[in-house]
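could you look at this predicted model? Sequence included:
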Amino acid sequence: MREIVTVENLKAYYFIRFMGNQTTVRAVNGVDFKVCEGEIYGIAGESGCGKSTLLKVLFGYTKPPLRLVDGSVIYDFDSQKLNITAVNHQLLRRVRWKYISYVPQGSMNVLNPVRKVRKIFMDVLAEHTDMSKEEAFYEVEKYFEALGLPLRVLDSFPHQLSGGMRQRVTIALATILKPKVILADEPTTALDVVVQRGVIQLLKDIHDEQKCTLIIVTHDMGVHAHLSSRICVMYAGKIVEEAPSNKMFKDPLHPYTKLLINSLPSLGDRRRREGIPGAPPSLSNLPPGCPFHPRCPSARSVCMEREPALVTVERDRRVACWMVEG
Amino acid sequence: MKIVVRNLVKIFKVGSIFSLKKLTAVDNVSFDILPGEIFSLVGESGCGKTTTAKILLGLEEPTAGEIFYDETPLEDFIRDKKEFLKKVQLIQQNPFSTFNPFRKIEDYLFKTVLRFGIADSREKAEKIIDEKLSIVGMSFGEVRDRYPNEFSGGQLQRISIARALLTNPSFLVADEPVSMVDASLRISIVNLFKDLGERFGISVLYITHDLSTTYYVADRIAVMFRGNIVEMGNTQEVLDNPLHPYTVLLKVSVPIPNPETSWDERVDLSTLEREEYFTKGCKFAGRCPHVKEICKQLQPPDIECGGRTVKCWLYK
């Protein structure tokens, strides 16, 4: 399998200066992973763990106060290497949407409220392809039919559609140019279960049909279980565990992953469960040693002093914890 | 507190002058909430569950129907606004927008205590606040002189629960209380609701679209669809063995955190949600796998079926 995305030692911080005080928020703090072509790679973690920032950097979207500090993100499109963190603006414009696409968080609210859905799609096609207006008109219809979305939607304004429909329209908009890599930030959050299932189905259909690579960020482990083939769990700007999803759910190694999976209530089980004690650390003021040690039930003295590295424990499994190393 | 809702109807007018339509957001809804019970209203967005809650809180005028709080009609009970708010409290969905970012957290807590005359001095108020915060696993020391941005969503939601408890309410309305809270902190908030019913005898109306927390916490459940309660009964019975086709669809759509389970069938979402409000017969008929001719013509009645009510022709 060819590796299409290679992230090496990526560090991106927010530098905030307020009333003479300089704060550094270490949102992405030394992340490295590889994603193979055609994979659905899931990124999990609580809010404030840096997963959305990571996705922004992957899309080459580093605008102040966010700044890239170290590392690189290399895409490999048809054996043409591209370091997205070091390309100029013109090239970035050419690569985006055609090769890399991004479904931002809360994307049901990104559509232009005074433009009909069809026009929004035709704008995109006019900007990125040399299709004529007529061709674009039919292309949009063809694409909607292929995705099983009702054609009536095309002639409505965004506010006439429900949240779930807008979300599916945005996903269609992000994928109409058949990008190689799709980055989706919380694509199913704030949706109802039935609609959520529809969106998962849509993403899977697009993935199967276009043979693209998906990188999905969500905090919902249930969605990961149904969508992702490989998952990494982030905590305080770092990856703490990475494994294929069936292994991750069957036998989580990191104490944080264990707690994260066990804290989920499930249908048919009314036994009392406990959440993870404490709250996630502030990214501008990280605790020494392993960032999870204040909340970890099995913390030892070494956890408070030194930070564990992300080590490979099996062929496709990496964990950053002193308890697992050996 | 026992809350009785009978034949509640709320009709909204939508569209402009030329295309005016009447949308029945809450259509003939009846249910009881028993003292100390957690009653859950479940359904997708736009099914009328929040409208029902707003009517219960007196924020929205019902078109028809009656509501009784311990045998007192809502209109009489709400006349003394202060007494009403003392007994009935709301917990909102988004903890970040509940609090004004420029105001200290303790301001909210002190204001509530002093306004409702629960304590007459700041010292006494502090003691009461500390006591209520300890119920939600926090202390006054943690919130003293701090602003909302210094807390996580889970902590803010705990504080808003503590604030609601300050007046010793007997009925809490929780509108999607955990949907904005992280998965890892969610369960600790849900546990709080479980305790409230058991320890303090507070009735809770738990509004959500998340079936797994409902199963975990609620005593009874009412599933709403396009303004109707389609199925109502004991939570375990309803969710272990759902009868209405919509409840079945809801149940199988919950993503179970186990990669070995997968959805075999595809879900059909091609209908536009709003049109379903204006259908003549059963509102689920357009998507129902068991649809019959009668479903498209006539709205099904509430049918008693083994201790629960189901609104479906299948069980006639």
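Looks like it arrived, so ask away. Numbers count the residues shown, from 1 in each chain, chains lettered A, B, ... in the order given.

where's the residue in chain A sticking out farthest from the centre, which helix or strand?
What lies farthest from the middle of chain A is A:Glu134; by C-alpha atoms, centre = their mean that is 34.9 Å. Taking DSSP states H and E as the criterion, A:Glu134 maps to helix A:133-147.

who's in contact with the residue lying closest to A:Leu91 once chain neighbours are set aside?
Excluding the flanking residues, the one nearest A:Leu91 by C-beta to C-beta, 6 or more residues apart in numbering or on different chains is A:Leu82, at 7.9 Å. To be clear about C-beta, it is placed using only N, CA and C from the backbone, and glycine gets the same treatment. A:Leu82 is in contact with A:Ile74, A:Tyr75, A:Asp76, A:Leu91, A:Val95, counting by C-beta atoms under 8 Å, 6 or more residues apart in numbering or on different chains.

circling back: quick one: the residue farthest from the centre of chain A from A:Leu151, how far?
17 Å (C-beta to C-beta, to the nearest Å).

now the helix or strand bottoming out on mean pLDDT in chain B: buried residues?
In chain B, no helix or strand scores lower on mean pLDDT, DSSP states H and E than helix B:183-200, which sits at a mean of 83. Using 16 or more other C-beta atoms under 10 Å in any protein chain shown as the test for burial, helix B:183-200 gives B:183-194, B:196-197.

could I get these as TSV with distance to chain A?
Compiled in TSV, those are given as follows (distance: C-beta to the nearest C-beta, whole Å):
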residue	distance to chain A
B:Ala183	5
B:Ser184	4
B:Leu185	6
B:Arg186	7
B:Ile187	4
B:Ser188	4
B:Ile189	8
B:Val190	7
B:Asn191	7
B:Leu192	10
B:Phe193	12
B:Lys194	8
B:Leu196	15
B:Gly197	14
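
list just the nearest of those to B:Ile55.
Comparing the buried residues of helix B:183-200 against B:Ile55 with C-beta to C-beta places B:Phe193 closest, at 21.6 Å.

what pLDDT is listed against the nearest residue to A:Ile261 once chain neighbours are set aside?
Nearest non-adjacent residue to A:Ile261, counting by C-beta to C-beta, 6+ apart: A:Pro252, 5.7 Å away. On pLDDT, A:Pro252 comes in at 91.

okay, helices next: where are they in the stretch 51-200 of chain A?
A:51-58, A:89-95, A:117-128, A:133-147, A:163-175, A:193-210 (DSSP state H, counting those that start in this stretch).

separation between A:Ser245 and A:Val319?
The value you get for A:Ser245 to A:Val319, if C-beta to C-beta is used, is 15 Å.

what kind of secondary structure is the residue most central in space within chain B in?
Geometric centre of chain B, nearest residue: B:Ile207, 1.9 Å, by C-alpha atoms, centre = their mean. Recorded secondary structure, B:Ile207: strand (DSSP: H, G, I helix; E, B strand; the rest coil).

who does it form a beta bridge with?
Taking DSSP bridges as the rule, B:Ile207 bridges to B:Leu41, B:Asp175.

kindly export the helix holding A:Glu134 (C-alpha atoms) in PDB.
What follows is helix A:133-147 as a C-alpha-only set of coordinates in PDB (Å, rounded to 0.1, in the frame of the first residue of the first chain):
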ATOM      1  CA  LYS A 133     -22.400  26.300 -17.800                       C
ATOM      2  CA  GLU A 134     -24.600  23.700 -19.400                       C
ATOM      3  CA  GLU A 135     -22.200  20.900 -18.700                       C
ATOM      4  CA  ALA A 136     -21.900  22.000 -15.100                       C
ATOM      5  CA  PHE A 137     -25.700  22.100 -14.800                       C
ATOM      6  CA  TYR A 138     -26.000  18.400 -15.700                       C
ATOM      7  CA  GLU A 139     -22.900  17.400 -13.900                       C
ATOM      8  CA  VAL A 140     -24.400  18.500 -10.600                       C
ATOM      9  CA  GLU A 141     -27.600  16.600 -11.300                       C
ATOM     10  CA  LYS A 142     -25.600  13.500 -12.300                       C
ATOM     11  CA  TYR A 143     -23.600  13.700  -9.100                       C
ATOM     12  CA  PHE A 144     -26.700  14.200  -6.900                       C
ATOM     13  CA  GLU A 145     -28.300  11.200  -8.500                       C
ATOM     14  CA  ALA A 146     -25.200   9.100  -8.000                       C
ATOM     15  CA  LEU A 147     -25.200  10.000  -4.300                       C
END
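
mind checking if it is in reach of chain B?
No. Helix A:133-147 stays out of contact with chain B when judged by C-beta under 8 Å from any C-beta of the partner chain, the minimum separation being 10.8 Å.

counting contacts, what elements does that helix pack onto?
When contacts are defined as 3 or more C-beta pairs under 8 Å, 6 or more residues apart in numbering or on different chains; DSSP states H and E, helix A:133-147 packs onto helix A:117-128, helix A:163-175, helix A:193-210.

next, the distance between the ends of stretch A:99-116.
End-to-end distance of stretch A:99-116: 26 Å, with C-alpha to C-alpha, to the nearest Å as the criterion.

that older thread, so for B:Lys82, which of the helices and strands packed on helix A:133-147 sits nearest?
When these are compared (using C-beta to C-beta), the closest one is helix A:163-175, at 36.9 Å.

show me which residues of the closest one are buried.
In helix A:163-175, counting by 16+ other C-beta under 10 Å, buried: A:163-175.

what of stretch B:2-14?
Quick answer for stretch B:2-14 (16+ other C-beta under 10 Å): B:Lys2, B:Ile3, B:Val4, B:Val5, B:Leu8, B:Val9, B:Lys10.

again with stretch A:12-27
Per 16+ other C-beta under 10 Å, stretch A:12-27 contains these buried residues: A:Ala12, A:Tyr13, A:Tyr14, A:Val25, A:Arg26, A:Ala27.

and which of those is nearest chain B?
Nearest to chain B among the buried residues of stretch A:12-27: A:Val25, at 13.0 Å, using C-beta to the nearest C-beta.

assign a three-state SS to A:Phe292, would you?
Here A:Phe292 is coil, with the state taken from three-state DSSP.

OK, contacts around it?
By C-beta under 8 Å, 6+ apart, A:Phe292 lies in contact with A:Tyr235, A:Ala236, A:Val240, A:Pro255, A:Tyr256, A:Ala299, A:Cys303.

how about A:Cys290?
A:Cys290 touches A:Cys296, A:Ala299, A:Cys303, A:Met304, A:Arg306, A:Glu307, A:Pro308, A:Ala320, A:Cys321, A:Trp322, counting by C-beta under 8 Å, 6+ apart.

biggest separation within these, which pair?
Farthest apart among these by C-beta to C-beta are A:Met304 and A:Ala320. That separation is 15.2 Å.

quick one: residues in contact with stretch A:142-160.
So stretch A:142-160 is in contact with A:111-118, A:121, A:140-141, A:161, A:165-166, A:168-169, A:172, A:176, A:202, A:205-206, A:209, B:270-272, B:274, going by C-beta under 8 Å, 6+ apart.

buried subset of these?
Buried, going by 16+ other C-beta under 10 Å: A:111, A:116-118, A:121, A:140, A:161, A:165-166, A:168-169, A:172, A:176, A:202, A:206, B:272, B:274, out of those.

host element of residue 28?
By default, I'm working from chain A. strand A:21-36.

wait, chain B was what I had in mind.
According to DSSP H and E, B:Asn28 maps onto strand B:21-33.

what are the boundaries of the strands in chain B?
Applying DSSP state E to chain B gives strands spanning B:3-14, B:21-33, B:38-42, B:64-69, B:72-73, B:88-91, B:171-175, B:203-208, B:220-225, B:228-234, B:303-304, B:309-310.
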